[in-house]
Every structure is written in structure tokens, then in C-alpha cells.
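> Predicted model and sequence follow; I will ask about them next.
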Amino acid sequence: MFLELIAVIFAGMGGAGLMALIRMATGGRLPKWLTPVAAGGAMIAATVSSEYSWYSRTTATLPEGFEVVETVETNAVYRPWTYVVPLTERFVALDTASVQTNPAQPDLRLAQVYFYGRWSPLNRLNVAADCGTGRRAALTDGISFDDAGSIEGAQWVTAPEDDVLLAAVCEVS
């Protein structure tokens, strides 16, 4: 965040400097007020560019084996350009290398899911997926496994048929 602030400040200085050079090249025929307008425009452009490039920059640095399973796009009144091109602010990634199965419970899979957000810390959640019944559960405190490999104490949720997380976990072999 600090580096983005510095980049925006430098973009403003660059925009003001460029407009000052243009004013000098035209012999001062352009009004002086264009210099702060150019600085503000450059700062807004740098901010918008940083916002839209966050998703691609973040996914490019994901470790091998991470698969993006869902993205959350938003638009806001205070960012009117997001109504034209929605902004990806969050996404969910599955660590495919973490998917575990038990031969005694072939339809049951355990996996680690990561939640990335633009201005929020990285969160990790252990998830159980029952591929046979289309259910999933968050593995939190109080969960235990019996000798047969079944999960006890989990709050199972029946996932909709188009649930991308359940589909991604069940695809991994």
C-alpha cells in the first residue's frame, strides 16, 4: 500500500511536470490551471491502473498448484468506471497439492482454500468435500475423525450443483 501511494505521488509529479513542459513549449498560451489538473488526472490514472492490475499481479505470483476457483467482481458509485469494466477485488484459490483422500472414504476429500482480497489479509480455510453427496464443510475446532475416516462434528452444507469450489476439489485426483 505504501509503494502504491509513492507511485501515485510520482505519477502526479510526472503529470504536472509534463504539463509544465507543454505550457513552456507553447509559449505559455495554455492556462496555468492545467498543471494541477494534469497532476490530478495522472494520479487518478495511476490509481485506476493499480486497482485493475492487482488481480493479474497477484495471480501471477501464486505458488504452483494453486488454482483460482472463483472471483468476486464489484462496482461502486465512487468508482464509476467499474460499471463499464467491473473490478476484481477478491478471489478464492484452491491448493490442489493439499487435496487428500482416504482409501476408506473415497468420496471424501480434504483441501486447503485461500481467500485473497485487495485490501485484506490472506485467509486460509481447511475444507472437507463429500463428492458423492455434493456437500462440503469447513474444518474448524471441534472436528474429529473416527477410525473409518469419517468426519465427526462438521457442519455440512449442501452445495448448489454449480458450486465451483466443490467441483474443483472433486476434480483433483
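It's in. Numbers count the residues shown, from 1 in each chain.

> Which of the residues in the biggest strand by length in the chain are classified as buried?
Selection of the longest strand in the chain by residue count, based on DSSP state E, yields strand 87-102. The neighbour-count criterion (16 or more other C-beta atoms under 10 Å) identifies L87, T88, E89, R90, F91, V92, A93, L94, D95, T96, S98, V99 as the buried residues of strand 87-102. For the C-beta atoms, the positions are set from N, CA and C on the backbone; glycine is no exception.

> repeat for stretch 18-33
Within stretch 18-33, the residues scored as buried using 16+ other C-beta under 10 Å are M19, A20, R23.

> Which of those residues fall in helices?
M19, A20, R23 (DSSP state H).

> closest to A76 among these?
Comparing those against A76 with C-beta to C-beta places M19 closest, at 29.0 Å.

> show me what contacts the closest one?
Taking C-beta atoms under 8 Å, 6 or more residues apart in numbering, we find M19 in contact with L30, L34, T35, V37, A38, A39.

> among these, which ones are buried?
Using 16+ other C-beta under 10 Å, the buried ones in the contacts of M19 are T35, A38, A39.

> returning to that earlier point: so what secondary structure elements neighbour the longest strand of the chain?
Applying 3 or more C-beta pairs under 8 Å, 6 or more residues apart in numbering; DSSP states H and E, we find strand 87-102 packed against helix 34-60, strand 66-74, strand 105-117, helix 164-171.

> Of the buried ones among the contacts of M19, just say which sits nearest to I6.
Nearest to I6 among the buried ones among the contacts of M19: A39, at 15.1 Å, using C-beta to C-beta.

> for this protein, which spans come out with low pLDDT?
173 (pLDDT under 70).

> Got the domain ranges for it?
As assigned by automatic domain parsing, the chain contains the domains 2-60, 66-171.

> Dump the helices and strands packed on strand 87-102 into a markdown table; add distance to D130 as well.
A markdown table is the format used below for the helices and strands packed on strand 87-102 (distance: least, C-beta to C-beta, whole Å):
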| stretch | distance to D130 |
| --- | --- |
| helix 34-60 | 29 |
| strand 66-74 | 17 |
| strand 105-117 | 6 |
| helix 164-171 | 9 |
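
> out of those, which comes closest to G134?
Among these, helix 164-171 comes nearest to G134, with 6.6 Å by C-beta to C-beta.
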